[in-house]
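1. 3D model of this:
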Amino acid sequence: MTKPTGGPKAKVLEHRADEVPDAADQGLKPSTRSDIDSFIVMDVMSAAAAKEADGQRIIHMEVGQPGTPAPQSARDAVSAALADDHLGYSLALGEEKLRKRIAEHYGEMYGVDMDPNRVVVTAGSSGAFVLAFTALFNAGERVGLPSPGYPCYRQILKSLDLQPALIRTSESDRWMPTGDAVEARHADDALSGLLVASPANPTGTMLEPDRLQDLTQVSEELGLWFISDEIYHGLTYDQPAVTALSYSDEAIVINSFSKYFSMTGWRVGWMVVPERLVRVFERLAQNLFICAPAVSQVAALGAFDAKEELEANKQIYAANRELLLSELPKAGFTKIVPADGAFYLYCDISDLVDEGSTSIDLAAEILDEAGVAVTPGLDFDPERGGQFLRFSYARSTADMEQAAKQLIEWHDRRGRLT
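-> Numbering: from 1, shown residues only. This next block holds a predicted model:
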């Protein structure tokens, strides 16, 4: 078979911290906290951008970014604010109107009565993770994370001198942690917290309500902070997601306007924290971020008026999901993890990679030879991710149809060359 060539593969491969050139002869060294791996999906985006700069059309299935813009009501709110609003600093916890509207959202979506004072508006979910990890854990403490999982959890923890403790999941437990697995990991080497996402990235699987309740209870019994990443709520296809706040007022819930609300680049998210910790988070937010971007908070408030538009976006994802579940097996991707929510398909590619190769090599080959950008599983699982790829179906259905066509053609050519 032909092998991927050129710059994109090399660029994607440069993701490990220990592959950075030694700075011993180049003056002062960076801190050891900076010795983290790159976010591989961003490297794939860079490799794809290089090809696009050379005039090649690339279909983006690597990044979890909606193909739709911010809702019209959000953009209209910003237009009005630009005309007559100073858009200066907000309070560190966020604009009061937005915090109140977020609290109302919990009543509408989950039947949870929420005090707006518990809401913290953040600079995207990333800002929320920095705040949560800083507020809850001391340097050196261990935080349980399901594996596979969102890579930035691990890297943010490491950069804060915290230790990610991976909890291995598998097909037998639907790629989600169990209470027994958490207890076993804690017994092995004591944890201080547990972070779980549902629906999950990269798998798209979702916790059943009983299991979410069990995890919150196990965390309380073991004395662990429980952090629930609910960024993909609203993007489920068979049953709605349940918030951890339905089971525990001690849970720290993180969400964002990036995914369901289609506002990735606006960098605005939120947290719900226990009432007794509000001032702790406020002091940290004041000093680390001052506040979330004012213009983004205006847009976020407006986005709550866009339910019809946002649900129409979700129908696009649902159609894309069905399309790819039908077409990807024709391109050789026959082992697909169940996809309850989000907009990802996580595929076992062990039958497609050569001996000695990994998902990074296959992703580079697909980019080079099929013109489709996908994410290597090593981004999400440092142990087994070499045998997986993640496909995002957040773009238009036309893009997904074309991607499927190009992937099938690539697979057919590949088969003829072996």
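
2. ok, now which ones touch Arg142?
-> Going by Cβ atoms under 8 Å, 6 or more residues apart in numbering, Arg142 touches Leu162, Gln163, Pro164, Ala165, Asp189, Ala190, Leu191, Ser192. Just so you know, the C-beta spots here come from the backbone N, C-alpha and C atoms, and that holds for glycine as well.

3. Swap in 6 Å and give it another go.
-> Contact analysis of Arg142 by Cβ atoms under 6 Å, 6 or more residues apart in numbering lists Gln163, Ala165, Leu191.

4. got it, and Tyr110?
-> Contacts here follow Cβ under 6 Å, 6+ apart; on that basis Tyr110 touches Thr243, Ser246.

5. Look up how far Gly415 lies from it.
-> Noted for Tyr110: a distance of 48 Å to Gly415, by Cβ to Cβ, to the nearest Å.

6. neighbours of Asp399, just the number please.
-> Neighbours of Asp399 under the rule other Cβ atoms under 10 Å: 17.

7. hang on, it packs against His60?
-> No: distance between Asp399 and His60: 7.7 Å, which falls outside the contact criterion (Cβ atoms under 6 Å).

8. which residues in this protein form strands?
-> Counting by DSSP state E, the chain has strands at residues 59-60, 119-122, 142-147, 163-168, 193-197, 225-229, 252-256, 269-272, 335-336, 344-348, 372-373, 375-376, 388-392.

9. from the chain's centre, how far out does the fifth one sit?
-> Here the centre of mass of C-alpha atoms in strand 193-197, compared against the chain's by Cα atoms, centre = their mean, to the nearest Å, lies 13 Å away.

10. Which neighbouring elements make contact with it?
-> Contacts defined by 3 or more Cβ pairs under 6 Å, 6 or more residues apart in numbering; DSSP states H and E place strand 193-197 against strand 142-147, strand 225-229.

11. partners of the first one, with directions?
-> Right, the one you point to is strand 142-147. Taking DSSP bridges as the criterion, strand 142-147 forms sheet pairs with strand 163-168 (parallel), strand 193-197 (parallel).

12. Return the most buried member of those strands.
-> Highest mean neighbour count among the strands paired with strand 142-147 (mean count of other Cβ atoms under 10 Å): strand 193-197, with a mean of 25.

13. Would you mind listing the outside residues contacting that one?
-> Val143, Gly144, Leu145, Val182, Ser219, Leu224, Trp225, Phe226, Ile227, Asp229.

14. What number of residues are in the vicinity of the first one?
-> Counted with other Cβ under 10 Å, the neighbours of Val143 add up to 25.

15. Excluding chain neighbours, give the residue nearest to it in space.
-> Gly193 (4.5 Å; Cβ to Cβ, 6 or more residues apart in numbering).

16. Who is that neighbour paired with across the strands?
-> Residues in beta-bridge contact with Gly193 (DSSP bridges): Val143, Trp225.

17. That one and Tyr317, how far apart?
-> For Gly193 relative to Tyr317 (Cβ to Cβ), the value is 31 Å.

18. got it, and Asp381?
-> 24 Å.

19. repeat for Ala364
-> From Ala364 to Tyr317 the distance is 27 Å (Cβ to Cβ).

20. Can you add mean pLDDT and distance to Ala303 and give the strands paired with strand 142-147 back as TSV?
-> Converted to TSV, those look like this (pLDDT from 0 to 100; distance: least, Cβ to Cβ, whole Å):
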stretch	mean pLDDT	distance to Ala303
strand 163-168	98	32
strand 193-197	98	21
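
21. Quick one: end-to-end distance for stretch 377-393.
-> Start-to-end span of stretch 377-393 (Cα to Cα, to the nearest Å) is 16 Å.

22. what do you get for stretch 200-213?
-> Stretch 200-213: ends 17 Å apart by Cα to Cα.

23. Now do the buried residues in that stretch.
-> Neighbour counts over stretch 200-213 (16 or more other Cβ atoms under 10 Å) mark Ala200, Asn201, Pro202, Thr203, Gly204, Thr205, Met206, Leu207, Arg211, Leu212, Gln213 as buried.

24. Likewise for stretch 216-225?
-> Thr216, Val218, Ser219, Leu222, Leu224, Trp225.

25. So what's the gap between it and the chain middle?
-> On Cα atoms, centre = their mean, the centre of stretch 216-225 falls 24 Å from the chain's centre.

26. As PDB, could you dump the C-alpha coordinates of that stretch?
-> Only the C-alpha atoms of stretch 216-225 are listed here, as PDB (Å, rounded to 0.1, in the frame of the first residue of the first chain):
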ATOM      1  CA  THR A 216     -22.200  10.600  42.800                       C
ATOM      2  CA  GLN A 217     -22.900   8.500  45.800                       C
ATOM      3  CA  VAL A 218     -19.700   6.500  45.600                       C
ATOM      4  CA  SER A 219     -17.800   9.900  45.400                       C
ATOM      5  CA  GLU A 220     -19.500  11.200  48.500                       C
ATOM      6  CA  GLU A 221     -18.800   8.000  50.400                       C
ATOM      7  CA  LEU A 222     -15.200   8.000  49.500                       C
ATOM      8  CA  GLY A 223     -14.800  11.800  50.100                       C
ATOM      9  CA  LEU A 224     -14.100  12.700  46.500                       C
ATOM     10  CA  TRP A 225     -15.100  15.800  44.700                       C
END
